[in-house]
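Enquirer: Sequence first, predicted model second:
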Amino acid sequence: MFNLTDRIDIQVKSRHALDDQLAAAVQHLQETALRERTRGILITRHRPGHYTAELSEQVPFGITRELCR
């Protein structure tokens, strides 16, 4: 079951802001993943400055993967 903390949308204008927001998103998702131990983290770049970080059943627990679309 998914909830609002399973996916975090990130929109930034600078690399520094991206690094900070991705790190915060991954840390938050890791906390949820550790409780469930069933999903890993998927970071998707949709276009420049627009990313999502989410828990995904397609990523093994304990792994973070990146995807560019």
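Expert: Yep, it's here. Residues are numbered from 1 along each chain as shown.
Enquirer: Please make it C-alpha for all contacts and neighbour counts, starting now.
Expert: Noted.
Enquirer: Name the nearest residue to Ile8, sequence neighbours excluded.
Expert: In space, not counting the residues next to it along the chain, Ile8 is nearest to Ala53; the distance is 5.2 Å by CA to CA, 6 or more residues apart in numbering.
Enquirer: Surely that neighbour forms part of a strand?
Expert: Yes: counting by DSSP: H, G, I helix; E, B strand; the rest coil, Ala53 is part of a strand.
Enquirer: Kindly give the local confidence score, pLDDT, for it.
Expert: Turning to Ala53, the model gives it a pLDDT of 97.
Enquirer: Is it in contact with Gly40, as I believe?
Expert: No: Ala53 is beyond contact range of Gly40, at 10.5 Å (criterion: CA atoms under 8 Å).
Enquirer: Flag the shaky bits of the protein, pLDDT-wise.
Expert: Low-confidence segments of the chain, defined by pLDDT under 70, are located at 1-4.
Enquirer: which stretches of it form strands?
Expert: Residue ranges of the strands in the chain, as given by DSSP state E, are 7-11, 40-47, 50-56, 64-68.
Enquirer: partners of the first one in the sheet?
Expert: Read that as strand 7-11. Strand pairing for strand 7-11, using DSSP bridges, gives strand 50-56 (antiparallel).
Enquirer: Nearest residue to the middle of the protein?
Expert: Taking CA atoms, centre = their mean as the criterion, Ala53 is the residue nearest the geometric centre of the chain, at 2.0 Å.
Enquirer: That one bridge partners, please.
Expert: Ile8, Ile43.
Enquirer: Now Thr64. Nearest residue, chain neighbours left out?
Expert: In space, Thr64 comes closest to Ile41 once its chain neighbours are excluded; the distance is 4.6 Å by CA to CA, 6+ apart.
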